[in-house]
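J.: sequence and predicted structure are below.
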Amino acid sequence: MRSRVVLRRLLRNRQARSGCLALILLVALAYLGPYAGPYDWTDKDFLAFLSPPSADHWWGTTSIGQDMYAVTLRGMQKSIVIGVLVALISTGLAAMVGAFAGYFGGWVDRLLMWGVDLLLVLPSFLIIAIISPRLRGASWLWFVVLLAAFTWMITSRVVRSMTLSLREREYVLAAAYMGIPRWKIIFRHIVPNLASLLIIDATLNVSAAIIGEAALSFFGFGIQPPDVSLGTLIAEGSRNATGYPWLFAFPAGLLVVLVLSVNLIGDGLRDALDPGSTS
Amino acid sequence: MGKYLLRRLAMNVILIAVAASLAYMLAATTMNPRAAYQGRRPPVPETVIDATLDTYNLNDKTPLLQRYTTWAAGVATGDFGRTWNGGSVNDEMGRRIGVSLRLLFVGTLVGFALGVALGALSAVKQYRPSDRVIGVASFTIMAIPVFVLATLLAVATYSMNRALGFTLIEYTGEYNPRLTGWDQWLNRLNHLVLPTISLSLGAIAFYSRIQRNMMLDVLNQDFVRTAMAKGLPRRTALVKHALRTALIPSATYFAFAFGTLLTGATFTEKIFAWHGMGAWLIDSINQNDVNAVAAVSLFAAACVLAAAFLSDLLVAALDPRVRVS
């Protein structure tokens, strides 16, 4: 029942409504759009290098004759998949580590939190930047794991402090007295009670991961060729943004709209799930 | 209190040491400084390369642990070793910290001050048109990554300069070394304009959101009502009583932002060609410069922890409730 209430509240919010609509349109464009275009993203048109947008090439072509429309949509697919995967992995990890540290306490807590502190102190950008070019031959999923490994720490601290108070609630104590194993209590009683925090966090992590991927790709440390993402396209386009603006405008514009729509939904979700919160 | 501070300091030093060691190990095992010498024409004999790399403590034929102990012993005495081509990492770091500070000082302050002011304004005028405009603008700006923003600024300036026929606003580098005295000073200011805008726009949007929420919380509280009830002008009550209390969370973020900005302005520095710490992060990785990478990591870790410490002090200074407990 609660989910229906939340959904109704979410759709009553005008910002969240426009965010949802924009996101649906963008996902549809990314996955259905390529069927409408005349070219495949691997095609090269040797008669049109760097040609501006026209009836044939809707968003122009690149310096090696690729159709910008097809390539950009292909890049957007990859960016969306990376965003969703990174958000799921990092929020899941944050929930596990935070709940275990908070519920078990003692040396488990100290060890896990020390690890969190260490990961926060390590310059994540640098570590990913050193490792990811070495993954050139490997699957891009490794890059997702790497990005997720450095985004979960702050949430897990929040989860831990909320677990500390949940641990003393009657229903958790009752479950403990009934002899239910502790890991089961965590999965059945602690984590579900953190659901609103985790849903909001996962949503905002999607946009953070999309930006993070694009940022790393901007310096060539992210997705490696021949794969494309919005980040690699923006990096390519920004080098000649004055002379050939269509190389930069389309991927950059789509990235901004994508991030904006996810953020709007995340903000609306926060209002809908957690009416008392102000941040 | 003294004992707590000491323990915290010791903990931080250990964290920095572990973080820097991990970064060194990672860099030393994956990077290949030899590549820069091998590709030369005419080819350099291998014995010469080995001897050169040995003097810089970069030879991949030396066992990792031995290289690490040499590096760690140097760092313990304040010597960060040599760059890939033999320069002193210490000198380079000193120079680059200076560049980063000159770039960031204005941008960070402007971002914080304007952000707080706009946030407070939109809280006081909640739901009025000005609040809506600020809200929509900050949401949009927060969705634009800094590398897109900086590129847009550079393109716009380039087109404007070309339309005008002369260079009104500079968009690359820190200063023109051919100018001297007063002219050079003006030239430096001119070079600062674009990077400062690109740094502060995001900060303004971010702080205005936080400050608006905090201010809304505070506005309805008893002490603000009391202040107005006893006859203080509305403006004084808002600025002296409400704004000061609502500043605390923003100040925490501000301290953190300053700590991470020193290496976090990577995009702004690279796009506008300022050779600061953030740009060094990218350059050192691309040049397989192991010792420089380790130095940047150590510096970044120290900055983050110093910022955490500073934010605690700042909160204690602003918030009487913390001082009592």
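T.: Arrived safely.

J.: so in the chain, which helix runs the longest?
T.: Went with chain A since none was named. For chain A, the helix with the greatest residue count under DSSP state H is helix A:68-104.

J.: that answer is for a different chain, and I need it for chain B
T.: Counting residues, the longest helix in chain B under DSSP H turns out to be helix B:181-219.

J.: that older thread, does whatever helix or strand comes next after the longest helix of chain A reach chain B?
T.: Once the chain leaves helix A:68-104, the next helix or strand it forms, by DSSP states H and E, is helix A:106-121. Yes. For a cut-off given as Cβ under 8 Å from any Cβ of the partner chain, helix A:106-121 has contacts with chain B, namely A:117-118, A:120-121. For every residue, glycine as well, the C-beta is placed using N, CA and C.

J.: how about those residues, which pair is most distant?
T.: The distance between the two most remote of these (Cβ to Cβ) is 7.3 Å, for A:118 and A:120.

J.: now chain A against chain B: closest residue?
T.: When distances are taken as Cβ to the nearest Cβ, chain A reaches nearest to chain B at residue A:260, 3.7 Å away.

J.: list the contacts of that residue.
T.: Residues in contact with residue A:260, defined by Cβ atoms under 8 Å, 6 or more residues apart in numbering or on different chains, are A:19, A:22, B:139-140, B:143.

J.: show me which of those is closest to residue A:82.
T.: Closest to residue A:82 out of these is residue B:143 (17.1 Å), distances taken as Cβ to Cβ.

J.: gap between that closest one and chain A?
T.: Relative to chain A, residue B:143 is positioned 4 Å away (criterion: Cβ to the nearest Cβ, to the nearest Å).

J.: thought that residue was touching residue A:208?
T.: No. Assessed by Cβ atoms under 8 Å, residue B:143 is found out of contact with residue A:208, at 11.3 Å.

J.: sketch out the low-pLDDT regions of the chain for me.
T.: In the absence of a named chain, this looks at chain A. Low-confidence segments of chain A, defined by pLDDT under 70, span residues A:1, A:133, A:136, A:274-279.

J.: if you could check chain B rather than the one you did, that'd help
T.: Counting by pLDDT under 70, the ranges of chain B that qualify are B:1-2, B:259, B:261-264, B:319-325.

J.: quick one, strands of it?
T.: Counting by DSSP state E, chain B has no strands to list.

J.: going by distance to residue A:237, which of the contacts of residue A:260 wins?
T.: The closest of the contacts of residue A:260, once distances to residue A:237 are taken by Cβ to Cβ, is residue B:143, at 18.2 Å.

J.: apart from its neighbours in sequence, what residue is nearest the closest one?
T.: Leaving aside its sequence neighbours, residue B:143 sits nearest to residue A:260 (Cβ to Cβ, 6 or more residues apart in numbering or on different chains; 3.7 Å).

J.: what about that neighbour, which helix or strand?
T.: Element membership of residue A:260, judged by DSSP H and E, is helix A:245-273.

J.: now do that helix: distance to the chain's middle.
T.: Averaging C-alpha positions (Cα atoms, centre = their mean, to the nearest Å) puts helix A:245-273 11 Å from its chain's average.

J.: ok so, going back, counting neighbours, which of the residues of helix A:106-121 next to chain B comes out on top?
T.: residue A:121 (24 neighbours; other Cβ atoms under 10 Å in any protein chain shown).

J.: contacting residues for that residue?
T.: Listed by Cβ under 8 Å, 6+ apart, the contact set of residue A:121 reads B:15-16, B:19, B:301, B:304-305.

J.: equivalent analysis for residue A:154, please.
T.: With contact taken as Cβ under 8 Å, 6+ apart, residue A:154 is in contact with residue A:120.

J.: and the helix or strand harbouring it, which residues are buried?
T.: Assigned by DSSP H and E, residue A:154 belongs to helix A:153-166. By neighbour count, with 16 or more other Cβ atoms under 10 Å in any protein chain shown as the criterion, the buried positions of helix A:153-166 are A:153, A:155-157, A:159-160, A:162-163, A:166.

J.: out of those, which is nearest to residue B:252?
T.: Proximity of the buried residues of helix A:153-166 to residue B:252 was ranked by Cβ to Cβ; the top entry is residue A:157 with 14.4 Å.

J.: right, and that closest one touches residue A:117 too?
T.: No. Taking contacts as Cβ under 8 Å, residue A:157 lies outside contact range of residue A:117: 9.3 Å.

J.: what lies in contact with stretch A:204-214?
T.: Stretch A:204-214 is contacted from outside by A:79-80, A:82-84, A:86-87, A:90-91, A:143, A:147-148, A:151, A:222-223, A:229-231, A:234, A:255, A:258-259, A:262-263, A:266, B:143, B:145, B:147, using Cβ under 8 Å, 6+ apart.

J.: again, only using 6 Å
T.: Applying Cβ atoms under 6 Å, 6 or more residues apart in numbering or on different chains, the external contacts of stretch A:204-214 come out as A:79, A:82-83, A:86-87, A:90-91, A:147, A:222, A:230-231, A:259, A:262-263, A:266, B:145.
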